[in-house]
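In: Below are the sequence and a predicted model for it; my questions follow.
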Amino acid sequence: MQDYQSVADAVAGEIRSGALRPGDRLPPQREFARRHGIANSTATRVYRELARRGLTVGEVGRGTFVRAMSADPAGSAPALTEPADGRRIDLELNYPVVPGQSALLAEGLGGLLRPDALGSALRPVGTSGFPAARESAADTLARGGWRPDPARILFAGNGRQAISATVTALVPPGARLGVEELTYPVIKAVAARLGITLVPLAMDDAGLVPEAVEEAHAAAPLHAVYVQPRLHNPLSLTMPAQRVERLAEVLLRLGTPAIEDTIWAFLRDELPPLAAYAPELTVLIDSLSKRVAPGLTLGFAVAPGALAGEIVSALRSGGCTPGRFALEVAHRWQQDGTVKTLVAAKQREAAVRQGIAARQLAGFAVQSDPRSFHCWWQLPRPWRADTFVAAAARHGIGVVPAAAFTVGRSHSPSAVRLGLATPDPDTLSRALGTLAELARSTPEDLVTD
């Protein structure tokens, strides 16, 4: 006789392989028991085990469905899915691409394809790159009257590597990292891998509450704070200047470093970063994946001198050093104006897509910014995030549940994040219209015989 763990392992394998896809409904437990030749009580334990692993979600009277995203109870499993395989409308991954982008990028590569230039571009390079690349990077990252010191710029293979190396350098295993109570999912995975405790910090309509940092630090020291002051993911919040100033004051008084994630801040380039207010304690992280193209893997860390050495060591030991070809390409695109052109185009495109979302989701509790490529949707009752995600998946649409972003809550909000960047505008409009109709129904409406 099979034990329930081995049966659960087999079903989990089907989910990982794609044989069971997000939104698929599992058979009733009695039917499942008959198929597998197990007792009804064993089937019950299998279903409980799958739910415990975060692989399924179910409600009385509706059935049990494969989750659109699976995460273990500790939150250490990947919180974001891999790129869509073409059979779904992807509102999960969020990489803006504007019309004519490939042609524009190609124009800047001609000179690099000469044998002499290509030979140079394919040589190895370290985390400090080369002087011209640092100057170009400083121009790329400049905003709101602030421009980083080129000598302080370090390069990584991509933005996630820059984040991971900085966390590794600043927060030892077992120590505490303060994060917004809704945060970038990759931070959860990084913390789990490094054995770091994430401390959720309260937020309000203006973003991270500085007093929450003080309270958490008073309870037990925070080794660093990870924060997204501009176009927060997933909430699209942007801290007003007074809030950023207050946060900088708190961090300086406590002597607590900040890891400032500015991946989306290029869409609000009129605003200076937190690093402008607390330069000696802030490591600013950015990349080119959103600003330019998802396949251009290059990350930046603008590091204060006192912290740079440890970050360099973490980048090297983690195999996170950049490729010189990416540095050469980024340098050329910055110098010829390609980056500036793309940023302006994506700022306009964000407004277009927010307009689509506003029309299709009118009347719902949607939080966003007109210059953002994502929005946060508080679902109407009786919907819960997990059941809505599963229902959306059955309609061929992938969205991200609040649980992917939640830190330290026993219950996640009944909300989802919608990424607006990936589908073309017409497809986006149809997908949002479908989700709106779904939200106007109830979970019970989806039950079939």
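Out: Received it, and whenever you're ready, just let me know what you need. Residues are numbered from 1 along each chain as shown.

In: CA only for contacts and neighbour counts going forward, please
Out: Noted.

In: how close does residue 118 sit to residue 334?
Out: 18 Å (CA to CA, to the nearest Å).

In: more crowded one of these two?
Out: Neighbour totals were compared for residue 118 and residue 334, and residue 334 leads with 21 against 14 (other CA atoms under 10 Å).

In: if I've got this straight, that one is in a strand?
Out: No. Under the criterion used here (DSSP: H, G, I helix; E, B strand; the rest coil), residue 334 is helix, not part of a strand.

In: check contacts around it.
Out: By CA atoms under 8 Å, 6 or more residues apart in numbering, residue 334 lies in contact with 136-137, 139-140, 340.

In: can you redo these as CSV with pLDDT and distance to residue 12?
Out: Shown next, in CSV, are those (pLDDT from 0 to 100; distance: CA to CA, whole Å):
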residue, pLDDT, distance to residue 12
136, 96, 47
137, 97, 44
139, 97, 48
140, 97, 44
340, 96, 46
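
In: okay if I get those as a markdown table plus secondary structure and distance to residue 123?
Out: Formatted as a markdown table, those follow (DSSP: H, G, I helix; E, B strand; the rest coil; distance: CA to CA, whole Å):
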| residue | secondary structure | distance to residue 123 |
| --- | --- | --- |
| 136 | helix | 19 |
| 137 | helix | 19 |
| 139 | helix | 24 |
| 140 | helix | 23 |
| 340 | helix | 27 |
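
In: List just the nearest of the residues you listed to residue 398.
Out: Nearest to residue 398 among the contacts of residue 334 is residue 340, at 31.1 Å by CA to CA.

In: Could you measure from the closest one over to residue 326?
Out: 17 Å.

In: Between those two, which is the more surrounded one?
Out: Between residue 340 and residue 326, counting by other CA under 10 Å, residue 326 is the more crowded of the two (19 against 16).

In: And the more buried one, what's its pLDDT?
Out: Among the per-residue scores, residue 326 holds a pLDDT of 89.

In: Go ahead and confirm it touches residue 293.
Out: No. Checked against CA atoms under 8 Å, the pair residue 326 and residue 293 is beyond contact range at 11.5 Å.

In: Strands along the stretch 251-400 of the chain, start to end?
Out: For the stretch 251-400 of the chain, strands defined by DSSP state E, counting those that start in this stretch occupy the ranges 258-261, 282-287, 299-302, 365-367, 374-378, 397-398, 400-401.

In: Turn the ones you listed into JSON lines, columns for mean neighbour count and mean pLDDT.
Out: JSON lines is the format used below for the strands of the stretch 251-400 of the chain (neighbours: other CA atoms under 10 Å; pLDDT from 0 to 100):
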{"stretch": "strand 258-261", "mean neighbour count": "26", "mean pLDDT": "98"}
{"stretch": "strand 282-287", "mean neighbour count": "28", "mean pLDDT": "98"}
{"stretch": "strand 299-302", "mean neighbour count": "28", "mean pLDDT": "97"}
{"stretch": "strand 365-367", "mean neighbour count": "15", "mean pLDDT": "97"}
{"stretch": "strand 374-378", "mean neighbour count": "23", "mean pLDDT": "97"}
{"stretch": "strand 397-398", "mean neighbour count": "26", "mean pLDDT": "94"}
{"stretch": "strand 400-401", "mean neighbour count": "28", "mean pLDDT": "94"}
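
In: Looking at these, spot the one closest to residue 213.
Out: strand 258-261 (11.0 Å).

In: Which pLDDT value belongs to residue 81?
Out: pLDDT, residue 81: 38.

In: mind checking how far residue 380 is from residue 26?
Out: Distance, residue 380 to residue 26, by CA to CA: 26 Å.

In: Over to residue 200?
Out: 35 Å.

In: Of those two, which one has the most company?
Out: Set residue 200 next to residue 26 and count neighbours by other CA under 10 Å: residue 200 wins out with 20 against 17.

In: Who are the contact partners of residue 250?
Out: Per CA under 8 Å, 6+ apart, neighbours of residue 250: 210-211, 213-214.

In: nope, residue 205 is what I was after
Out: Contacts of residue 205 (CA under 8 Å, 6+ apart): residue 237.

In: how near is the residue nearest the centre of the chain to residue 23?
Out: Residue closest to the average C-alpha location in the chain (CA atoms, centre = their mean): residue 184, at 4.6 Å. Distance of residue 184 to residue 23, given as CA to CA: 24 Å.

In: Below-threshold pLDDT in the stretch 1-150 of the chain: ranges please.
Out: Within the stretch 1-150 of the chain, the ranges that satisfy pLDDT under 70 run 1-2, 59-62, 68-87.

In: where do the helices sit along it?
Out: Applying DSSP state H, counting those that start in this stretch to the stretch 1-150 of the chain gives helices spanning 4-17, 29-36, 40-52, 101-107, 115-121, 131-141.
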